[in-house]
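Student: quick check, what structure comes out for this input:
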Amino acid sequence: MRILTLVILMAVNLGAALLMMKKMRGPWWIEYLILGIAGLVILGGFFGLWVDAEWAYPLMTIIFALSLANLLWLYMYVKYLTVFALGLLANITGVVISMTGLGGAKQMSTDEFLETYDTPKDEPLDHSIVMPKKAAKRGRLRKR
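Tutor: Just a heads-up that it's a prediction; the model follows:
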């Protein structure tokens with residue numbers, strides 16, 4: 001569920017960046033370059049989340065933080081407050097969610113999931129195996 005939430009928040013973040021970039025009159029080509037590189041890194045982060053890699057959540061935290069800086073840079077050129085507020089909310093939520101995933105899955109030792117049973121030391125173990133008896137074979141009934 002956390003991964004799906006991060007994917008949705010990243011889509012909202014990229015949508016906000018694209019909407020703000022559409023109204024941009026300044027150096028728009030820099031933003032295309034930034035979004036192109038970020039898109040490749042984001043795909044790598046999603047792959048890491050999918051395979052449950054240790055580096056995935058720290059990478060997603062860095063991506064959301066850099067996306068927040070990108071939105072601030074875009075807001076300097078375009079005063080589009082509603083889209084900026086939506087992107088800001090998505091980025092802050094993404095940073096918080098990806099930081100909660102930094103602990104990752106705790107590796108279980110063999111003692112935690114392996115059940116053992118103690119046998120009394122003074123009782124000898126019975127090593128005789130009792131096999132069930134086979135049922136007698138019955139032939140096919142012939143019709144006369």
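Student: the residue most central in space within the chain and residue 56, how far apart?
Tutor: When C-alpha atoms, centre = their mean is applied to the chain, the residue found nearest the centroid is residue 49 (3.5 Å). Separation of residue 49 from residue 56 (C-beta to C-beta, to the nearest Å) stands at 5 Å. Using the backbone N, CA and C atoms, a C-beta is placed for each residue, glycine as well.
Student: repeat that for residue 40.
Tutor: Taken as C-beta to C-beta, the spacing of residue 40 relative to residue 56 amounts to 15 Å.
Student: these two: who's more crowded?
Tutor: Of the pair residue 40 and residue 56, residue 56 is the one with more neighbours under other C-beta atoms under 10 Å, namely 23 against 9.
Student: quick check, pLDDT for the more buried one.
Tutor: The model reports residue 56 with a pLDDT of 89.
Student: what is the mean pLDDT for stretch 15-22?
Tutor: With pLDDT averaged residue by residue, stretch 15-22 scores 88.
Student: in the protein, which spans are helices?
Tutor: Listed in chain order, the helices of the chain (DSSP state H) span residues 2-22, 28-50, 56-77, 81-100, 110-113.
Student: between those, which gets nearest to residue 135?
Tutor: The minimum distance between residue 135 and those falls on helix 110-113, with 40.0 Å, by C-beta to C-beta.
Student: distance check, residue 42 against residue 75.
Tutor: Residue 42 sits 21 Å away from residue 75, taking C-beta to C-beta as the criterion.
Student: between these two, tell me which one has more neighbours.
Tutor: Shown here are residue 42 and residue 75; by other C-beta under 10 Å, residue 42 has more neighbours (21 against 17).
Student: ok, that one touching residue 7?
Tutor: No: between residue 42 and residue 7 there is no contact under C-beta atoms under 8 Å: 9.5 Å.
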